[in-house]
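**Q** Here is the input, now give the coordinates:
(chains A and B)
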Amino acid sequence: MTPEITKRQINVPVMADLAARNESPEILFWVGCAGAFDDRYKRVTRAFVRILDHVSVKYAVLGLEESCTGDPAKRAGNEFLFQMQAMQNITTMNGYGIKKIVTACPHCFNTIKNEYPALGGDYEVIHHSTYLQQLINEGKVGVTGGESFKGRRITFHDSCYLGRANNIYEAPRDVLAALDADLVEMKRSRANGLCCGAGGAQMWKEPEPGKKDINIERTEEALATLSGAAEALANLGGVETETSAPGQHDLQGSIIAVSCPFCMTMMSDGVKNKEQENRVQVFDLAELVASAEGINA
Amino acid sequence: MLEHIIFFLLLVAAFGFFAWQVRKIRANILVGRERDMSGHAAERFKKTLLVAFGQQKMFKRLTPALLHLVVYVGFLVINIEVLEIVVDGLFGTHRFLSFLGPVYDVLMATNEILGALVIIAVAAFWWRRNRTKPVRRFTGVELRAWPKLDANIILYIEVVLMAALFTMNAADLKLHQLRGQDLPGTFPISGLLTGLFPANESVLHLLERVGWWAHITGIFLFLNYLPSSKHFHIIISFPNVWYSRLVPQGQFSNVESITNEVKAMMDPSFVVPPAPTAPDGSALAPTPFGAKDVEDLPWTNLLNAYSCTECGRCTSVCPANLTGKLLSPRKIIMDTRDRMEEKYNSPLIFRPNVYGEEAKHEPITDLANATLLRGKVTPEELWACTTCNACVESCPVNINPLESIIEMRRFLVLEESAAPNSLNVMFSNIENNGAPWAFSPSDRFNWADDLFAAEKSADNVSREVSPR
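**A** Okay, here's the model as predicted:
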């Protein structure tokens, strides 16, 4: 018999309400467009809010006042649109006196952290992988009491805008290490990580003609790494691989961990393309932590 | 005496001609847009020490790193002997540095061993490039005709220079042995070669002179070949690393002129700073947004182009290139250099960098209008980039192809409105909905509806919960 689960509704605090009460939050959670609109990444947003709620940190979101950081526009060369968006967001955030921002999107993270200062927006910006690592290190999140990941094979796909762009490689790995899972590294990882194919505004367009889609190449590498299929790994490098060669490990229950909404889409699509979606799941760090902590409802 | 005068004239001619070529390259680089790279001397010094002198980024791939290290250290150490040759040539001394005694022994022995290792490394390099199935990064559309030949010419010259050095040393050694004299220095490799030389004093003397002259004139010629060649990296990669970007790789440059416009739009009281004027006070032609041609790029990107040794590490890690797209970061850098030489100074004795017919490139007739963008780099290449920074990360001399790609994208979007249609849709979504997708802005906060968390209490710690 399943024990009774007590559910508690979370009313996400909105910045405008806090300001009306003359309060200021410790952190502003920047949700990002994918976190707000993309059905799959909304689940990550909700998982992360559960964690924020669980550790009783005083946080707030901008809600309807949030607007695209302008990252896709800037990467696509539309500097004018980028700056319009940036100025609008900076005006909003400076109006509220925001000091510290946490976001689950590496693209928002990079843009606000590195490109807003030149336009008058100076904040302490941290990515949720770093924030989760801090919570775990401080003992605020014990990653116990929920689903056990002990012994499950997990491989972490580095986001370009977290890794090479901002040199954050260890925080997400430390978070995964806390899960006590069997962490396996792809050959192309950390500074040598292969892009999922979505950056630089590729997310919103069809790829140029080529031999293969980038997310397929990356997914094949992830699957071959998880299953330990040396033969399939050797065949990578832009070549269309015939079948997923059998490996030493059963893929069932394996996880590809990501820390970026676009990587999430690309890797999930890749897993579906390889018809492994019933065996391999793609999760964001926040989802894994929330389930390990047992706070999903 | 005549010999000394000839040597002196040769020396002056070699360095004079080289300086003349370098001035033209400098002028080419300075056609680029201004960019303030001053300050941060300590950080730049450290970076130069690690990345340029220390070859830090080469060691991501061990085999080529070790081979390259041999040639690099050989180049540095053998230059000490070149110094000796120059002094000997000018003043008629013989092995002027031999007063160093035991230090000279060590120096000569090191030279000889490095010289032999250089020949082995060069042979390995040649094999990696010229075998039936070369290392992948030594292939590609941009490595045709001249760049391919250039790479081999460099290897051949290095072997010839080393052969000349060994001829000189071995002949000198045998000459001294025949005369029962002691030659200063220790020669572990030439000592093995003396058996191949005739036991005839005048022939040995001649061979020693031939080796000596061949080595030094070879170096003078090589020096003047450098500006025409990718091998120029042995000089210019040092300033290139010095002027590296020091900000996070994810940070793209800000366009000041646009900032002024946007500020003026949002705040009517904002006073737009006056546009820069020419020294005589007349208005300058407005500079375009982004880059259409080489002079629209910051000068550092042009310095990048001259620092490229076409190794292809960038292209070999580019996700777009790996999966068969047209984009090759190396090609963009090489195109930039070729375009500079086509449009501005060709600093060269000859103009090898313009693609020849062998490159199956339409001959460019309208030089003024065959800009970098479209003339050489196609929009298809630019739009394939995922801005993942793999190329930037991989470059051993800190070249940044991504900056040039973004500058050209800016020109396409802001000056020509020539973005792919789907990206224009994304732009208008951002403008209208504040999100790159076509969602209603009023739905932005719907994710927070019906959000529940499980109460953590002692009763239900062992639940099975799947992530959702």
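**Q** For the residue lying closest to residue B:75 once chain neighbours are set aside, identify the helix or strand it belongs to.
**A** The spatial neighbour of residue B:75 that comes closest, neighbours along the chain excluded (CB to CB, 6 or more residues apart in numbering or on different chains), is residue B:234 at 6.7 Å. Using the backbone N, CA and C atoms, a C-beta is placed for each residue, glycine as well. Residue B:234 is part of helix B:233-242 when elements are defined by DSSP states H and E.
**Q** Show me the contact partners of that helix.
**A** Contact partners of helix B:233-242, identified using CB atoms under 8 Å, 6 or more residues apart in numbering or on different chains, comprise B:25, B:44, B:47-48, B:51-53, B:75, B:226, B:303-304, B:306-309, B:397-399.
**Q** what about the closest residue to residue B:57 other than its chain neighbours, which SS state?
**A** Nearest residue to residue B:57, sequence neighbours excluded (CB to CB, 6+ apart): residue B:396, at 4.3 Å. Using DSSP: H, G, I helix; E, B strand; the rest coil, the structure places residue B:396 in coil.
**Q** Quick check: residue B:396 touching residue B:55?
**A** Yes: in this structure, residue B:396 is within contact of residue B:55 by CB atoms under 8 Å, at 7.1 Å.
**Q** So between these two, which is more surrounded?
**A** In this comparison of residue B:396 against residue B:55, neighbours counted by other CB atoms under 10 Å in any protein chain shown, the higher total goes to residue B:396 at 25 against 16.
**Q** how about the more buried one, what does it touch?
**A** Each residue near residue B:396 by CB under 8 Å, 6+ apart is listed here: B:51, B:55, B:57-58, B:311, B:313.
**Q** Could I get those in a markdown table, plus columns for secondary structure?
**A** As requested, the contacts of residue B:396 are exported to a markdown table (three-state DSSP):
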| residue | secondary structure |
| --- | --- |
| B:51 | helix |
| B:55 | coil |
| B:57 | helix |
| B:58 | helix |
| B:311 | coil |
| B:313 | helix |
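**Q** right, and the pair among those with maximum separation?
**A** Across the contacts of residue B:396, the longest distance by CB to CB is 14.4 Å; it joins B:51 and B:311.
**Q** Could you pull out the strands in chain A for me?
**A** If DSSP state E is used as the criterion, the strands of chain A fall at A:7-9, A:27-30, A:59-60, A:100-103, A:124-127, A:153-156, A:182-183, A:254-258, A:280-284.
**Q** winner for burial among the ones you listed?
**A** The highest mean neighbour count among the strands of chain A belongs to strand A:254-258 (a mean of 25), with neighbours defined as mean count of other CB atoms under 10 Å in any protein chain shown.
**Q** check contacts around residue 182.
**A** No chain was given, so I picked chain A. The neighbourhood of residue A:182, defined by CB under 8 Å, 6+ apart, consists of A:151-154.
**Q** wrong one, I was asking about chain B
**A** Residue B:182 touches residue B:176, counting by CB under 8 Å, 6+ apart.
**Q** can you count the residues close to the closest residue to residue B:59 other than its chain neighbours?
**A** If you skip the residues right next to it in sequence, residue B:59 has residue B:65 as its closest partner in space, 4.6 Å away by CB to CB, 6+ apart. If you count neighbours by other CB under 10 Å, residue B:65 ends up with 16.
**Q** chain center to stretch B:290-297, what's the gap?
**A** 19 Å (CA atoms, centre = their mean, to the nearest Å).
**Q** Distance-wise, check the residue nearest to residue B:52 when sequence neighbours are not counted relative to residue B:50.
**A** Take residue B:52 and drop its neighbours on the chain: the residue closest to it by CB to CB, 6+ apart is residue B:241, 4.1 Å away. Note on residue B:241: its distance to residue B:50, by CB to CB, to the nearest Å, is 9 Å.
**Q** If you count surrounding residues, which of these two has more?
**A** Neighbours per residue, other CB under 10 Å: of residue B:241 and residue B:50, the larger number sits with residue B:241, 24 against 13.
**Q** show me where pLDDT drops low in the stretch 351-468 of chain B?
**A** Along the stretch 351-468 of chain B, the model assigns pLDDT under 70 to residues B:351-369, B:456-468.
**Q** Let's see that with 90 instead.
**A** Within the stretch 351-468 of chain B, the ranges that satisfy pLDDT under 90 run B:351-370, B:374-376, B:455-468.
**Q** Show me the helices in it, by range?
**A** Under the criterion DSSP state H, counting those that start in this stretch, helices of the stretch 351-468 of chain B are mapped to B:379-383, B:390-394, B:401-410, B:421-433.
**Q** what do you get for chain A?
**A** For chain A, applying DSSP state H gives helices covering A:15-20, A:33-37, A:39-54, A:71-75, A:79-95, A:106-110, A:128-137, A:170-178, A:214-227, A:230-234, A:261-273, A:285-293.
**Q** what packs against the second one?
**A** If I follow you right, that is helix A:33-37. Contacts defined by 3 or more CB pairs under 8 Å, 6 or more residues apart in numbering or on different chains; DSSP states H and E place helix A:33-37 against helix A:39-54, helix A:261-273.
**Q** Kindly reformat those as JSON lines and extend each row with mean neighbour count.
**A** Listed next are these as JSON lines, based on neighbours: other CB atoms under 10 Å in any protein chain shown:
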{"stretch": "helix A:39-54", "mean neighbour count": "22"}
{"stretch": "helix A:261-273", "mean neighbour count": "23"}
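**Q** near chain A, which residues of the stretch 151-300 of chain B?
**A** Of all the residues in the stretch 151-300 of chain B, those in contact range of chain A (CB under 8 Å from any CB of the partner chain) are B:247-252, B:254-255, B:258-259, B:261-263, B:265-266, B:289-290.
**Q** Are any of those residues buried, and if so which?
**A** When those are checked for burial by 16 or more other CB atoms under 10 Å in any protein chain shown, the buried set is B:248-252, B:254-255, B:258-259, B:261-263, B:289-290.
**Q** ok, back up a step: now the strands of chain A as TSV including mean pLDDT?
**A** Putting the strands of chain A into TSV (pLDDT from 0 to 100) gives the following:
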stretch	mean pLDDT
strand A:7-9	92
strand A:27-30	98
strand A:59-60	98
strand A:100-103	98
strand A:124-127	98
strand A:153-156	97
strand A:182-183	94
strand A:254-258	97
strand A:280-284	98
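**Q** Select, out of those, the one closest to residue A:290.
**A** The stretch from the strands of chain A with the least distance to residue A:290 (CB to CB) is strand A:280-284; that distance is 9.6 Å.
**Q** Tell me what angle that closest one forms with helix A:128-137.
**A** Our comparison of strand A:280-284 with helix A:128-137, counting by axes from the mean of the first three to the mean of the last three CA atoms, to 10 degrees, yields an angle of 80 degrees.
**Q** re earlier: now for the helices of the stretch 351-468 of chain B, which one comes closest to chain A?
**A** Using CB to the nearest CB as the criterion, the shortest distance between chain A and the helices of the stretch 351-468 of chain B is 3.1 Å, found for helix B:401-410.
**Q** Looking at the stretch 51-200 of chain A, which residue is nearest chain B?
**A** Residue of the stretch 51-200 of chain A nearest chain B, by CB to the nearest CB: residue A:165 (2.6 Å).
**Q** what's across from residue A:255 in the sheet?
**A** Using DSSP bridges, the bridge partners assigned to residue A:255 are residue A:154, residue A:281.
**Q** hang on, it packs against residue A:287?
**A** No: the criterion here is CB under 8 Å, and residue A:255 misses it with residue A:287 at 9.9 Å.
**Q** quick one: the nearest residue to residue B:14 once chain neighbours are set aside from chain A, how far?
**A** For residue B:14, ignoring the flanking residues on the chain, the nearest one in space by CB to CB, 6+ apart is residue B:220 at 3.6 Å. Residue B:220 is 41 Å from chain A, where distance means CB to the nearest CB, to the nearest Å.
**Q** Equivalent analysis for residue B:150, please.
**A** 27 Å.
**Q** Run through the stretch 51-200 of chain B and note the low-pLDDT ranges.
**A** By pLDDT under 90, the low-scoring segments of the stretch 51-200 of chain B are B:75-82, B:92, B:141-147.
**Q** Oops, could you answer that again for the stretch 151-297 of chain A instead?
**A** Filtered on pLDDT under 90, the stretch 151-297 of chain A yields the residue ranges A:151, A:228-250, A:296-297.
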